[in-house]
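S.K.: What shape does this take:
(one chain, ligands or ions: 1)
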Amino acid sequence: MLRVKQTNKFEGTVRVPGDKSISHRAVMFGALANGTTEIEGFLPGADCLSTIACFRSMGIEIEQQEDRVTVRGKGWYGLQEPVSRLDVGNSGTTIRLMSGILATQPFHAVMEGDESIAKRPMRRVVAPLRQMGAKIDGRREGEFTPLSIRGGELQGIAYTSPVASAQVKSAILLAGLQAKGETTVTEPHLSRDHTERMLQAFGVRVERDGCTVKVQGGQELQARSIQVPGDISSAAFLIAAVMVVPGSSLLIENVGINPTRTGIIDVVQQMGGKLELLNERVVNEEPVADLLVTHSELKGIEIAGDLIPRLIDEIPVIAVMATQASGRTVIRDAEELKVKETDRIATVVGQLRKFGATVTPTEDGMIIEGKTALSGATIDSMGDHRIGMAMAIAGLAASGETVIENDEAIAVSFPGFASLLEQISH
Ligand code: S3P
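M.R.: Down below sits the predicted model:
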């Protein structure tokens, strides 16, 4: 259980754990590359540890000590058929990207995860991979786990995805690297492009034209060292903490500011929050900066369209900030929230109401009325790391004590979250 109380202010210079999306990809690409990949700044959260465990089960030697990882890649076809089911835990990124990788392998593998994974849609990757020639089965004709994959020779496709999803795009591109001919993926809005950037860092040719990405089959990956920047999705909770606690100011160092991820920065600035980017630089094809965040009075805004994929994981904590902003905040075009670790429209609305917030769910988002005085509440994370953390931030803005039950879920993406908050609270 995590207990949260109002604090006087947050102050100091901090770092957040490594980027989850980039950490997963560094392990996966390192395992498929020729040679040894050294990773620094790796996120030792439960999700990325699931990715490591899966590759170890396929015979890849991986040493991990906190945020340092060494992956001894044996080339694309150096994986061995796993003798038991691969356990992806809570990680959608692991199961969906691995589906693309396993679709190319000359063996059979079964993947499954926890209760949340069992409810998440898989046909979005299963359907295009089947079109490429992979034999995949799963519960309800491949919509749900366990997924059973017998890979083999694939044919390149031109796929238009109905959703802006980096997991879908990445699964198809990874399969496309070993398929015959060319593979293109077109998405309705640009989703995060870490796969494209990191593949290039591993020596693969990737072409992009607007929302279409193209790869040629038959490409190999070359091992290289990767420095993972801090996760902007984790920094988002600290940014929100500063915005809901008067007098606060933080310097958050070494945060990834890939433009496909910085919707949270745009939103905070549009709401009137003071947030400056300092010391901008590029590390392994990924832009990085230090964020200087100063408490400000916020106002409600509308969030929709292209912006949504750029901040999809931050919507729970944006909703918390919106309760403390003057006026109305409207979030639209975000139906993807329903298929995250929980149905995040339902869980955000349900949990925020326990604090006394005025929130209305809609078909594709929610409407939040501010500014509302919140009172401390007992909240269940529902096993969703970002719900646990977002509600802890709401607790900072609420009178009295807030208790987050099932707070162990937080370690999925932000191990040390509670102690970091304590360290910077004055
Ligand atoms: C991720 C992509 C996003 C995001 C998830 C991580 C990734 O999911 O919500 O936390 O690493 O590719 P979708 O691609 O399904 O939108």
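S.K.: Please identify the residues of the stretch 301-426 of the chain in proximity to the ligand?
M.R.: Ile312, Asp313, Glu336 (CB under 6 Å from any ligand atom). In this view, the C-beta of every residue, glycine as well, is placed from N, C-alpha and C.
S.K.: Of the residues you listed - the most surrounded one?
M.R.: Asp313 (25 neighbours; other CB atoms under 10 Å).
S.K.: on that earlier part again, using JSON lines, lay out the residues of the stretch 301-426 of the chain next to the ligand together with secondary structure.
M.R.: Listed next are these as JSON lines, based on DSSP: H, G, I helix; E, B strand; the rest coil:
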{"residue": "Ile312", "secondary structure": "helix"}
{"residue": "Asp313", "secondary structure": "helix"}
{"residue": "Glu336", "secondary structure": "helix"}
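S.K.: quick one: contacts for the most far-flung residue of the chain relative to its centre?
M.R.: Here the centre of the chain is the reference, and by CA atoms, centre = their mean the most remote residue is Gly400, at 31.5 Å. Neighbouring residues of Gly400 by CB atoms under 8 Å, 6 or more residues apart in numbering: Lys5, Ser375, Gly376.
S.K.: Out of the residues you listed, the closest to Gln167 would be?
M.R.: Nearest to Gln167 out of these is Gly376 (CB to CB; 35.8 Å).
S.K.: re the thing from before, for the residues of the stretch 301-426 of the chain next to the ligand, give me JSON lines that also has distance to Val125 and pLDDT.
M.R.: Compiled in JSON lines, those are given as follows (distance: CB to CB, whole Å; pLDDT from 0 to 100):
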{"residue": "Ile312", "distance to Val125": "17", "pLDDT": "98"}
{"residue": "Asp313", "distance to Val125": "19", "pLDDT": "98"}
{"residue": "Glu336", "distance to Val125": "14", "pLDDT": "98"}
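S.K.: with these in mind, which one is nearest to Lys119?
M.R.: Glu336 (14.4 Å).
S.K.: give the contact list for the closest one.
M.R.: Per CB under 8 Å, 6+ apart, neighbours of Glu336: Val163, Ala164, Ser165, Ile308, Pro309, Ile312.
S.K.: Can you show me the helices along the stretch 301-426 of the chain?
M.R.: 315-323, 344-354, 385-397, 417-424 (DSSP state H, counting those that start in this stretch).
S.K.: repeat for the stretch 101-250 of the chain
M.R.: 123-131, 139-142, 166-176, 194-201, 232-244.
S.K.: tally of neighbours for Glu141?
M.R.: Neighbour number of Glu141 under other CB under 10 Å is 9.
S.K.: Burial check on the nearest residue to it once chain neighbours are set aside, number of neighbours?
M.R.: In space, and not counting its chain neighbours, Glu141 is closest to Arg123: 7.8 Å by CB to CB, 6 or more residues apart in numbering. Using other CB under 10 Å, Arg123 has 15 other residues around it.
S.K.: pretty sure Met243 contacts Gly272?
M.R.: No: proximity of Met243 to Gly272 does not meet the contact threshold set by CB atoms under 8 Å, at 9.4 Å.
S.K.: quick one, which of those two is more surrounded?
M.R.: Looking at Met243 and Gly272 with other CB under 10 Å, you find the greater number of neighbours at Met243, namely 28 against 15.
S.K.: who's in contact with the more buried one?
M.R.: Val268, Met271, Gly273, Val293, His295, Ser296, Leu298, Met321, Gln324.
S.K.: how about Leu154, phi and psi?
M.R.: Main-chain torsions, Leu154, degrees, to the nearest 10: phi -120, psi 160.
S.K.: quick one: it from Gln222, how far?
M.R.: Distance, Leu154 to Gln222, by CB to CB, to the nearest Å: 22 Å.
S.K.: which of those two has more neighbours?
M.R.: It is Leu154, of Leu154 and Gln222, that has more neighbours when counted by other CB under 10 Å, with 23 against 14.
S.K.: ok, how many other residues are close to Glu115?
M.R.: 8.
S.K.: ok, it - contacts?
M.R.: Glu115 touches Gly383, counting by CB under 8 Å, 6+ apart.
S.K.: I'd like the distance between it and the ligand.
M.R.: Using CB to the nearest ligand atom, to the nearest Å, Glu115 is found at 18 Å from the ligand.
S.K.: With Ala357 instead?
M.R.: 23 Å.
S.K.: For the residue nearest to that residue when sequence neighbours are not counted, give me its contacts.
M.R.: Excluding its sequence neighbours, the residue lying closest to Ala357 (CB to CB, 6+ apart) is Thr323, at 4.4 Å. Listed by CB under 8 Å, 6+ apart, the contact partners of Thr323 are Leu352, Phe355, Ala357, Thr358, Val359, Ile368, Gly370, Lys371, Thr372, Leu374, Ala394, Ala397.
S.K.: which of these has the most neighbours?
M.R.: Ala394 (31 neighbours).
S.K.: interface residues of the stretch 1-150 of the chain facing the ligand?
M.R.: Ser21, Thr93.
S.K.: Any stretches of the stretch 1-150 of the chain with poor pLDDT?
M.R.: Along the stretch 1-150 of the chain, segments meeting pLDDT under 70 are nowhere present.
S.K.: Next up, the contacts around the closest residue to the ligand within it.
M.R.: The ligand sits closest to Ser21 of the stretch 1-150 of the chain, with a gap of 3.2 Å, by CB to the nearest ligand atom. Listed by CB under 8 Å, 6+ apart, the contact set of Ser21 reads Thr93, Ala166, Arg192, His194, Asp231.
S.K.: tally of neighbours for the closest residue to the first one other than its chain neighbours?
M.R.: What it means is Thr93. Excluding its sequence neighbours, the residue lying closest to Thr93 (CB to CB, 6+ apart) is His24, at 5.0 Å. His24 sits with 25 neighbouring residues when counted by other CB under 10 Å.
S.K.: before we move on, what about Gln80?
M.R.: Neighbours around Gln80, by other CB under 10 Å: 12.
S.K.: check which helix or strand covers it.
M.R.: For Gln80, there is no host helix or strand (DSSP states H and E).
S.K.: Would you confirm that it contacts Met58?
M.R.: Yes: Gln80 sits in contact with Met58 when judged by CB under 8 Å, with a separation of 5.4 Å.
S.K.: Pull up the overlap in contacts between these two.
M.R.: Counting by CB under 8 Å, 6+ apart, nothing touches both Gln80 and Met58.
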